[in-house]
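Enquirer: Got a predicted structure plus its sequence, pasted below:
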Amino acid sequence: TGIKRLLKSHLLTHNNSKDFKCNFCDYATSIEKRFKLHLLTHNDSKDFKCDICDYATNTKSYLKRHILIHSDSKDFKCEICDYDTSIKSRLNSHLLTHNVSKDFKCDICDYVTNTKPNLRQHILIHNDSKDFKCGICNYATYTKYNLKQHLSIHNDSKDFKCDICDYATNMKYYLKKHVLIHNEAKDFKCSICNYGTNIKSRFKSHFLTHNSSKNFKCDICD
C-alpha cells in the first residue's frame, strides 16, 4: 500500500549506510529518490524561474521552496531568539547557530562555526577576488547575497515606515530592528554601567567600550 511504501522510505533515513554517493560533491544518502533529486542540482539548465525575483533553479521543488521567502507568513519561529522564517529547513539551519559545538574551523584564521555552509561562506573573505560589483558605486563583495543586500541602499523608495516615529527604510528587516528601540523592556543590561537596550547587537557593541585591552595601536602615535 501507499502507507507501507512511505514507511519503508522513512525507515531508510535511519540507515547509516549511505550507498548513493555523488561524484561531483560530498553528498551521500541512503534514498535513491533523494539522490536523483540532488543530481539535478549539478545540471546547468535552470528552467524553473521565480516570477518575483531573479532566482532560477533546475528543480521544481526548489522553486516551490524558494517562493516561500516572498511570503509574509513566517510560521517557523526560533524558540531561543527572534528569528522567524517561512521555510522549515532554514529554521533547522538557524537552530544550529545556537549549538555551542563548533566543529568547522578555518585553516587560515581562528574562525570556527557549527555549520559547513557558514565555513564555506567565511572562506570567501580570504579570497582577493571580489567578483560581485555594484554598478552604482565602488562596492564589491565575495557573494551575490551581499551585493543584493547592498543594492537596496541605492533604492530611494522607503516603503517600510515606523508607526511611532518618522523612521523609514527600504528593508523590512531594518524596520523590524528599528521598532525594538521603542520597546521599553530593555532586557540586555550592562553589569558595569547603567546602559540598557533591547537589541542584542547594540549591547555587544556597548560592552566592547568597557574593554580596557586596546590591542590595535597606531605605529605613529599613542
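Expert: Okay, I see it.
Enquirer: use CA for all of it now, contacts and neighbours both
Expert: OK.
Enquirer: low-scoring stretches of this structure, by residue?
Expert: Across the chain, the ranges flagged by pLDDT under 70 are 1-16, 44, 72, 99-102, 128, 184-185, 211-222.
Enquirer: Which secondary structure state does residue 123 sit in?
Expert: Recorded secondary structure, residue 123: helix (DSSP: H, G, I helix; E, B strand; the rest coil).
Enquirer: Tell me who's in contact with it.
Expert: By CA atoms under 8 Å, 6 or more residues apart in numbering, the contact set of residue 123 is residue 106.
Enquirer: which strands and helices sit next to whichever helix or strand residue 34 is part of?
Expert: Using DSSP states H and E, the element containing residue 34 is helix 32-39. Secondary-structure packing of helix 32-39 (3 or more CA pairs under 8 Å, 6 or more residues apart in numbering; DSSP states H and E): strand 20-21.
Enquirer: Sheet partners, orientation included, of the next helix or strand after the strand it packs on?
Expert: The first helix or strand that comes after strand 20-21 along the chain, using DSSP H and E, is strand 28-29. Paired neighbours of strand 28-29 in the sheet (DSSP bridges): strand 20-21 (antiparallel).
Enquirer: Can you give the contact residues for the strand it pairs with?
Expert: Strand 20-21 is contacted from outside by 27-32, 35, using CA under 8 Å, 6+ apart.
Enquirer: residue ranges of the helices in this structure, please?
Expert: 2-11, 32-39, 60-67, 88-95, 116-123, 144-151, 172-179, 200-208 (DSSP state H).
Enquirer: right, and the ones you listed - which one's nearest residue 52?
Expert: Comparison of those against residue 52 by CA to CA identifies helix 60-67 as nearest, at 8.3 Å.
Enquirer: The spatially most central residue of the chain and residue 143, how far apart?
Expert: In the chain, the residue lying closest to the centroid (CA atoms, centre = their mean) is residue 94, at 7.5 Å. Going from residue 94 to residue 143 by CA to CA, to the nearest Å gives 19 Å.
Enquirer: can you list the contacts of strand 20-21 in TSV and add neighbour count?
Expert: Shown next, in TSV, are the contacts of strand 20-21 (neighbours: other CA atoms under 10 Å):
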residue	neighbour count
27	13
28	17
29	19
30	19
31	17
32	16
35	17
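Enquirer: which one among those residues gets closest to residue 203?
Expert: If you rank the contacts of strand 20-21 by distance to residue 203 using CA to CA, residue 27 comes first, at 39.7 Å.
Enquirer: what's the burial count for the nearest residue to residue 50 once chain neighbours are set aside?
Expert: Nearest residue to residue 50, sequence neighbours excluded (CA to CA, 6 or more residues apart in numbering): residue 56, at 6.2 Å. Number of residues near residue 56 (other CA atoms under 10 Å) recorded here: 17.
Enquirer: and residue 56, what are its bridge partners?
Expert: Beta-bridge partners, per DSSP bridges, of residue 56: residue 49.
Enquirer: quick one: contacts for it?
Expert: For residue 56, the contact set (CA under 8 Å, 6+ apart) comprises 46-50, 63.
Enquirer: Narrow those residues to those that are buried.
Expert: For these, a burial check counting by 16 or more other CA atoms under 10 Å picks out 48-49, 63.
Enquirer: Can you add distance to residue 23 and give the residues you listed back as TSV?
Expert: Shown next, in TSV, are those (distance: CA to CA, whole Å):
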residue	distance to residue 23
48	24
49	27
63	24
